[in-house]
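S.K.: The following comprises the amino acid sequence and a computationally predicted model.
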Amino acid sequence: MSDLFGAGAPAQTGKGHRPLADRLRPTRLEDVVGQDHLTGPDGALTRMIASGSLGNIIFWGPPGTGKTTIARLLAGAADLHFEQISAIFSGVADLKKVFDAARMRLQNGTQTLLFVDEIHRFNRAQQDSFLPVVEDGTILLVGATTENPSFELNAALLSRARVLTLNRLEPDCLEALLKRAEAETGRELPVTEGARGLLVGMADGDGRAALTLAEEVFRSVKEGETLDEDGLRRIVQRRAPVYDKGQDGHYNLISALHKSVRGSDPDAALYYLARMFDAGEDPLYIGRRLVRMASEDIGLADPQALTVALAAKDAYDYLGSPEGELALAQACIYLATAPKSNAAYTAYKAALRSAKESGSLLPPKHILNAPTKLMSSEGYGEGYRYDHDEPDAFSGQDYFPETMGRKQFYRPVERGFERDIRKRLEYWSNLRRERQKKSD
């Protein structure tokens, strides 16, 4: 499968049947676009090659950023045999054959660079099978993954490899690839300036997708025809957003949405909400996350926030798509613009920690009911004061276990409705001190 393609690589003729992406594959490391931190004059890979010592590598980055191409170029630069497998189509038997062949080559004086595409797809046992051949130098491992290696790869394998991150291609890099395609085909892309920008956006940072879209335009447009933006949309479909509901794309976007709401930025929050809708995320999952944000980041600074989030979730449940998404967007804006407080969240965590640490302490007997004579004789309920019969409907009694003493978990902030709660608690605290003094 083709990968990434250099601006300035020499054109090849007589290969029109091959996809543009394959025809434009770079022949030199410095021709790879968009990864200067790795392939530039001071890049990590450039330094490795110059030192004459390549190590095991895990390439982490989105599709179409050059992982396969760079692996091939590394093998050529280090005079290694290049072998490629995909974790999607390979099993233990396939790995054994690859390892056996690599041992034979090594006996003949040639080391193998084994490129493993989608290496995160291998299970733990399969990943462990690489350890002996990596340790003894039978292979030089170069793995490629679109998922976070910290979560998807064995710690033992990670400890033997260097993780290098590849970046999604910026618009100027994609534009360089389009110019390279024009030079290769001898034709200008038959689109308006606006349509050209739209095509770059459709590629979504993927160099292979940009060239595939360009090839589709070259193939579809009649001689003398120039596509505007609407015309381009009719002919090509944009690349699907990089998003896997169980993987990094999913967690990155929900994290960005949550932090934008927490940071009181409704515009950024709406943008990430729309990104998730566009990628096909389950709206009810988003609704559940909005409910969590209402409790975790707003709490009692605006008690209505939780009601709004729950109502939006129910509205989507009732209306379905596409009408229901608007209710979730409305809730998203409400939460982002609400006063923020994590006091309730922090108080709950602190109380839970204290409950686990303190064990099974008995509440003070004066607040316990005494349904039997034995319990009455033990002092259950003795001295309890009914708050509604007290001045200000407040007795000031202590309700914590006697051996524990008073604790303060909830500390309301000076924002939103919690400002009023704070004043109320301070008032009761002063009353409690006064009435405890009198009782003493």
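M.R.: Thanks, I have it.

S.K.: Count the residues that sit near the residue lying closest to N369 once chain neighbours are set aside.
M.R.: Spatially, and ignoring its direct neighbours in sequence, N369 is nearest to G381 (6.0 Å; C-beta to C-beta, 6 or more residues apart in numbering). Heads up, the C-betas are built off the backbone N, CA and C, glycines and all. Around G381 there are 15 other residues, counting by other C-beta atoms under 10 Å.

S.K.: Model confidence score at G381, please.
M.R.: G381 is assigned 85 on the pLDDT scale.

S.K.: for W60, same thing?
M.R.: pLDDT at W60 comes out at 92.

S.K.: Contacts only, for it.
M.R.: T145, T146, E147, N148, P149, V163, L164, T165, L166 (C-beta atoms under 8 Å, 6 or more residues apart in numbering).

S.K.: was I right about the residue nearest to N369 contacting P363?
M.R.: No - under the criterion of C-beta atoms under 8 Å, G381 makes no contact with P363, lying 11.5 Å away.

S.K.: still on that earlier bit, looking at the contacts of W60, spot the one nearest L45.
M.R.: L164 (7.3 Å; C-beta to C-beta).

S.K.: Give me the domain ranges for the chain.
M.R.: Following automatic domain parsing, the chain resolves into domains at 35-165, 171-235, 248-337, 345-439.

S.K.: so which of the ones you listed gets nearest R23?
M.R.: domain 171-235 (6.1 Å).

S.K.: Please state the offset of that closest one from the chain centre?
M.R.: 30 Å (C-alpha atoms, centre = their mean, to the nearest Å).

S.K.: ok, now stretch 319-339?
M.R.: 22 Å.

S.K.: Averaged pLDDT, it. What do you get?
M.R.: On average, stretch 319-339 scores 93.

S.K.: how about TSV for the domains of the chain, with distance to A21 added?
M.R.: As requested, those are exported to TSV (distance: least, C-beta to C-beta, whole Å):
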stretch	distance to A21
domain 35-165	9
domain 171-235	5
domain 248-337	22
domain 345-439	49
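
S.K.: least reliable of these going by mean pLDDT?
M.R.: domain 345-439 has the lowest average pLDDT among these, namely a mean of 87.

S.K.: Would you quantify the distance from Y251 to G280?
M.R.: Computed with C-beta to C-beta, to the nearest Å, the distance linking Y251 and G280 is 15 Å.

S.K.: Just give the closest residue to T138, not the sequence neighbours.
M.R.: A102 (5.0 Å).

S.K.: Surely F409 and L352 touch.
M.R.: No - with contacts defined as C-beta under 8 Å, F409 does not count as touching L352, sitting 9.3 Å away.

S.K.: Which of the two has more residues huddled nearby?
M.R.: Higher neighbour count among F409 and L352: F409, with 15 against 11, using other C-beta under 10 Å.

S.K.: For the residue most central in space within the chain, which residues are in contact?
M.R.: By C-alpha atoms, centre = their mean, the chain has its centre lying nearest to N252, at 2.1 Å. For N252, the contact set (C-beta under 8 Å, 6+ apart) is empty.

S.K.: Could you do the one 10 residues further on as well?
M.R.: By C-beta under 8 Å, 6+ apart, the contact list for R262 reads M293, D297, K340.

S.K.: So the residue nearest to the centre of the chain: helix, strand or coil?
M.R.: helix (DSSP: H, G, I helix; E, B strand; the rest coil).

S.K.: Would you mind stating the distance between it and R168?
M.R.: Taking C-beta to C-beta, one finds N252 at 12 Å from R168.

S.K.: Then F400?
M.R.: Counting by C-beta to C-beta, the gap from F400 to R168 is 54 Å.

S.K.: which residues of the stretch 301-440 of the chain fall in helices?
M.R.: 304-319, 323-337, 343-358, 373-377, 418-439 (DSSP state H, counting those that start in this stretch).

S.K.: er, the stretch 101-250 of the chain I mean
M.R.: 124-128, 130-135, 149-152, 155-158, 171-185, 193-203, 207-220, 229-235, 248-262.

S.K.: Buried deepest among those, which one?
M.R.: Most buried of those, by mean neighbour count (mean count of other C-beta atoms under 10 Å): helix 207-220, with a mean of 21.

S.K.: quick check: angle from that helix to helix 193-203?
M.R.: Taking axes from the mean of the first three to the mean of the last three C-alpha atoms, to 10 degrees, helix 207-220 and helix 193-203 form an angle of 130 degrees between their directions.

S.K.: what sits up against helix 207-220?
M.R.: With C-beta under 8 Å, 6+ apart, helix 207-220 has contacts from 2-5, 19-21, 24, 33-34, 63-66, 169, 173-174, 177-178, 181, 185, 187, 189-191, 199-200, 202-203, 227, 232, 235-236, 239.
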